[in-house]
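Engineer: What follows is a predicted structure for the sequence shown.
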Amino acid sequence: MPRERSIFLGPRLRRLRRELGLTQAAMAGDLEISPSYIALMERNQRPVTADILLRLAKTYRLDVASLAAAREDDFAARLKAALNDPLFGDLEIGAMEIEDFGNSFPGAADALMRLYAAYQESQLALADQGDAETTGTDPVAEARRFLSARKNSFPAIDEAAEALNRKIDDAGGREAYLKQNGLNVRRLPSDVMTDALRRLDQHRNEIVIDEGLDKASAAFQLSLQIAYLELSAGIDGELKQAKFQTENGRRLTRRALANYAAGALLMPYGAFLRAAEKRRYDVEALGRQFGVSFEQAAHRLTTLQRTGEEGVPFFFIRVDAAGNVSKRLDGAGFPFARHGGSCPLWSLHQAFRRPREIIAEWVRLPDGETFFTIVRTVTAGGGAHGAAKIERAIALGCSEEHASRLIYTEGEMATPRDATPIGVNCRLCHRMNCIARSEPPIGRQILPDEYRRSSAPFGLADN
């Protein structure tokens with residue numbers, strides 16, 4: 001008689017219980033098992049048996065079959081992605097072996113994924129080593145490596161933010177919640193704030209906000225202050241998983257995680273993911289539904305990779321009119337250049353001519369990989385006559401395999417046949433006849449032009 005297969009659903013079972021508003025004892029009573037057994041299952045120290053799954057389905061009217069299947073598929077997908085790294089190329093680990101390992105040893109699988117994230121971070125560090133030798137350790141690169149190695153996804157922060165957001169809703173909103181905790185919110189003119197957007201005045205027990213901020217920015221600043229007050233333990237827990245060579249690198253990363261937590265408070269993971277799927281990732285519609293800016297909604301879309309509840313994996317980049325990159329996040333495998341600008345053929349750099357308009361575009365890299373991107377300008381600052389402001393362009397993109405899930409691919413954008421050929425940047429792109437090239441590619445011989453001048457800025461030898 002075949003052995004019943006063990007299924008470990010610890011994190012999912014814990015989330016389900018919390019969404020239902022139940023204690024471990026209450027759920028145990030409903031399922032007619034002991035609270036200690038619930039605790040063991042939530043810690044993945046005991047499997048969820050078929051009998052327990054049936055009890056869950058009957059008691060709470062759930063489709064638990066899909067819940068169980070998603071857990072197995074997710075472990076297999078995560079492990080397969082990691083074990084397909086060239087580092088393991090000679091091991092020939094089969095899909096069934098990966099799936100069995102993920103299902104039978106979920107704790108070890110999670111440990112492996114943490115080690116793999118640390119490995120990826122170290123590889124990114126090595127890639128930056130040459131510049132570090134001449135310019136010193138780059139704190140911005142340190143922060144970017146930390147986020148990139150973890151695909152800008154921090155499930156523990158998301159889970160804590162969801163729980164805190166329920167308390168905020170119960171209190172009647174952010175300001176009411178803060179007032180319950182002894183903090184008043186006050187708005188002051190920009191000239192009184194002296195260039196500060198937000199200030200915590202511990203002497204007066206109040207949070208002071210620049211009254212010139214728009215609604216979305218003010219909400220974000222309040223959420224950010226709440227994140228620093230309530231979620232710092234989780235943020236510091238994430239920081240402990242890495243070693244920083246510079247204090248500035250650690251501070252930049254902590255700020256990025258606090259911003260992540262603030263976004264998670266404004267756009268709680270589960271609710272935001274469901275809305276994104278329902279609206280087919282319409283960024284403007286999501287911004288209006290959750291009361292956030294276009295950029296905040298686009299940024300949040302890059303974080304939807306919680307185990308078993310994944311959205312479309314996106315990458316995100318923000319540039320100014322001079323091409324300087326001020327933010328980049330990658331959850332889609334887009335090969336950003338670590339230094340220098342991106343390709344001038346990409347509509348990202350033409351967006352300033354069409355302000356506030358969403359430009360949809362297929363782009364194809366030299367290796368044939370195709371991505372779908374949307375680009376739009378966003379404005380920071382302003383809010384009053386003479387107030388300083390800056391215009392930037394942001395791009396949000398995903399790989400070809402996920403593009404059909406986006407509303408922007410409807411109609412003539414439905415196929416990538418006319419994708420724009422772009423490169424990572426000129427130094428890394430080996431397309432021979434690109435008239436937009438600003439520099440010759442690394443490792444290619446430049447041909448003399450005494451007798452022939454090509455239409456491209458540089459004539460390049462074939463090898």
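Structural biologist: Yep, that arrived.
Engineer: Give me the distance between the two termini of stretch 177-185.
Structural biologist: Counting by Cα to Cα, to the nearest Å, you get 11 Å between the two ends of stretch 177-185.
Engineer: For it, which residues meet the burial criterion?
Structural biologist: For stretch 177-185, the buried set under the neighbour-count rule, 16 or more other Cβ atoms under 10 Å, comprises 177-179, 183, 185. C-betas here are computed from N, CA, C, even on glycine.
Engineer: How about stretch 153-160?
Structural biologist: Within stretch 153-160, the residues scored as buried using 16+ other Cβ under 10 Å are 153-155, 157-160.
Engineer: Which residues does that stretch contact?
Structural biologist: Outside stretch 153-160, the residues that touch it by Cβ atoms under 8 Å, 6 or more residues apart in numbering are 11, 15, 231, 234-235, 237-238, 257, 260-261, 264, 269, 303-307, 331.
Engineer: With stretch 202-211 instead?
Structural biologist: By Cβ under 8 Å, 6+ apart, stretch 202-211 touches 178, 182-190, 193, 196-201, 218, 221-222, 225.
Engineer: Can I get that stretch in PDB? Just the C-alpha atoms.
Structural biologist: C-alpha atoms of stretch 202-211 as PDB (Å, rounded to 0.1, in the frame of the first residue of the first chain):
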ATOM      1  CA  GLN A 202       9.300  63.400  20.900                       C
ATOM      2  CA  HIS A 203       9.200  66.400  23.300                       C
ATOM      3  CA  ARG A 204       5.700  67.300  22.100                       C
ATOM      4  CA  ASN A 205       4.600  63.800  21.300                       C
ATOM      5  CA  GLU A 206       3.700  64.700  17.700                       C
ATOM      6  CA  ILE A 207       4.500  63.900  14.100                       C
ATOM      7  CA  VAL A 208       4.800  67.000  12.000                       C
ATOM      8  CA  ILE A 209       4.100  66.800   8.300                       C
ATOM      9  CA  ASP A 210       4.800  69.400   5.600                       C
ATOM     10  CA  GLU A 211       1.400  70.600   4.500                       C
END
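Engineer: Quick check: mean pLDDT of that stretch?
Structural biologist: Across stretch 202-211, pLDDT averages out at 92.
Engineer: just stretch 356-372 next, same as before
Structural biologist: 89.
Engineer: Please apply the same query to stretch 402-422.
Structural biologist: On average, the pLDDT along stretch 402-422 is 84.
Engineer: Any idea how far apart the tips of that stretch sit?
Structural biologist: This stretch, stretch 402-422, spans 20 Å end to end (Cα to Cα).
Engineer: Would you check the distance separating that stretch from the middle of the chain?
Structural biologist: Taking the mean C-alpha point of stretch 402-422 and that of its whole chain, the gap between them comes to 22 Å (Cα atoms, centre = their mean, to the nearest Å).
Engineer: residues of it that come out buried?
Structural biologist: The neighbour-count check on stretch 402-422 (16+ other Cβ under 10 Å) flags 402-403, 406, 408-409, 413, 416, 419, 422 as buried.
Engineer: Same check on stretch 232-239?
Structural biologist: Under the neighbour-count criterion of 16+ other Cβ under 10 Å, stretch 232-239 has 234-235, 238-239 buried.
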